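J.: Please find the sequence and the predicted model below.
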Amino acid sequence: MQQAIAKAQTLIEALAYIQRFAGKTVVIKIGGSVMDDERILRDLLTDVVFMNTVGMRPVIVHGGGKAISEAMADRGLEVQFVQGLRYTDQRTLTVVEHVLCNEVNRHIIEVIEAKGSSAMGLHTLGSCVLFGQKLFGQQDDRKIDLGFVGELTDVNAKLIELLCQADTIPVIAPLARDKTGAKLNCNADTSAGEVAAALKAEKLVFVSDTHGIRRDPDDPDSLADQLSETEIRKMIADGLITGGMLPKVEACLRALDANVARAHIIDGRFAHSLLLEIFSDRGVGTLIQK
């Protein structure tokens, strides 16, 4: 009986959030080791289907770094990073596109549809919604060629919105086309920020393999439940936010600047962390807002 009462209380708590976010767009970026554990990925996509079922409009942007590196190793291609970005020649781009579109994206769609929702992949092998230009590195006032690496200049928000209105979950791979139709490999975190900004989403949620943002990088107990944009910018300037966390945080700031209400960084290794962050009074990561 107590278990049944506890479940009822949980549902009542969630009701206010369900009503508040009905019809709202939430961009969810999935990456890191979350994508390498099938159980965790399926739990996460169950949360996404739940959101869709109760009237929210989830949009997924995914990465696939480890799968790409493994596929390149299988083909005898060396993985090279320049200033933290994967150097992308034509052979690398072919592998990246195949893995992201034909393997990762397709698998996410299959899981979503098996759980009862509709989904559609948006990428360079089908309907592309990301458009960009070639990105160059910079060192001592000198441009560094990164190959077919791109930065986004435009997002086809209308197509994404039409899919959401048709009760279909868009699943976006971080690949873009430039003005000539050439394909570009883009950073998935940055892409998620640009998609959220273009959609003027209610929320941007990064689901990764980190608990959130620590006020002290060396102290696990210094996890910040909530940070303002001003605090985030100071932490970047002070060197407290670096490495793989930096592009996530910069994407959050980009989204906030475009009037996205809130951004979250949560740990997807916890069961149903996405639902707990959105539909309960107890968050499980770091909330960033103006």
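T.: Here it is on my side, so go on.
J.: List the contacts of residue 109.
T.: Contact analysis of residue 109 by CB atoms under 8 Å, 6 or more residues apart in numbering lists 119, 120, 121, 171. The C-beta positions use only the backbone N, C-alpha and C, and glycine is treated the same way.
J.: most surrounded residue in the residues you listed?
T.: residue 171 (26 neighbours; other CB atoms under 10 Å).
J.: Please look at it and residue 118 and confirm they touch.
T.: No - with contact defined as CB atoms under 8 Å, residue 171 does not reach residue 118; the gap is 10.7 Å.
J.: Find the residues that touch each one of these two.
T.: With CB under 8 Å, 6+ apart, residue 171 and residue 118 have common neighbours residue 112.
J.: Helix or strand for residue 11, just tell me which one.
T.: Residue 11 belongs to helix 2-21 when assigned by DSSP states H and E.
J.: Run through the neighbouring helices and strands of that helix.
T.: Under the contact criterion of 3 or more CB pairs under 8 Å, 6 or more residues apart in numbering; DSSP states H and E, helix 2-21 touches helix 273-279.
J.: how far does the helix it packs on sit from the chain's center?
T.: 15 Å (CA atoms, centre = their mean, to the nearest Å).
J.: what comes up buried for the following helix or strand past that helix?
T.: Counting by DSSP H and E, the element after helix 273-279 in chain order, helix or strand, is strand 285-289. Going by neighbour count (16 or more other CB atoms under 10 Å), the buried part of strand 285-289 is 285, 286, 287, 288.
J.: ok, now stretch 270-283?
T.: By 16+ other CB under 10 Å, the buried positions in stretch 270-283 come out as 272, 273, 274, 275, 276, 277, 278, 279, 283.
J.: surely the fifth one meets residue 284?
T.: Yes - contact criterion CB under 8 Å: residue 276 and residue 284 qualify, at 5.0 Å.
J.: to the chain's geometric centre, what's the distance from the worst-scoring helix or strand of the chain on mean pLDDT?
T.: Ranked by mean pLDDT, DSSP states H and E, the weakest helix or strand in the chain is strand 85-86, scoring a mean of 74. Offset of strand 85-86 from its chain centre (CA atoms, centre = their mean): 17 Å.
J.: Just checking: what are the partner strands of that strand?
T.: If you go by DSSP bridges, strand 85-86 pairs up with strand 81-82 (antiparallel).
J.: which residues touch the partner strand?
T.: Contacts with strand 81-82, where a contact means CB under 8 Å, 6+ apart, come from 87, 137, 144, 146.
J.: any idea which of the buried residues of stretch 270-283 is closest to residue 54?
T.: Within the set of the buried residues of stretch 270-283, residue 279 lies nearest residue 54; the separation is 8.7 Å, counting by CB to CB.
J.: who's in contact with residue 159?
T.: 122, 127, 129 are the contacts of residue 159 under CB under 8 Å, 6+ apart.
J.: per-residue pLDDT, the second one?
T.: The per-residue pLDDT reported for residue 127 equals 94.
J.: swap in the first one?
T.: The per-residue pLDDT reported for residue 122 equals 98.
J.: can I assume it is in contact with residue 129?
T.: Yes - contact criterion CB under 8 Å: residue 122 and residue 129 qualify, at 4.7 Å.
J.: Need the residues touching each of these two.
T.: Joint contacts of residue 122 and residue 129 (CB under 8 Å, 6+ apart) are 159, 160, 170, 172.
J.: Any chance of JSON lines for these, columns pLDDT?
T.: What follows is those, written out as JSON lines (pLDDT from 0 to 100):
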{"residue": "159", "pLDDT": "98"}
{"residue": "160", "pLDDT": "98"}
{"residue": "170", "pLDDT": "98"}
{"residue": "172", "pLDDT": "98"}
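J.: Perfect, that will be all.
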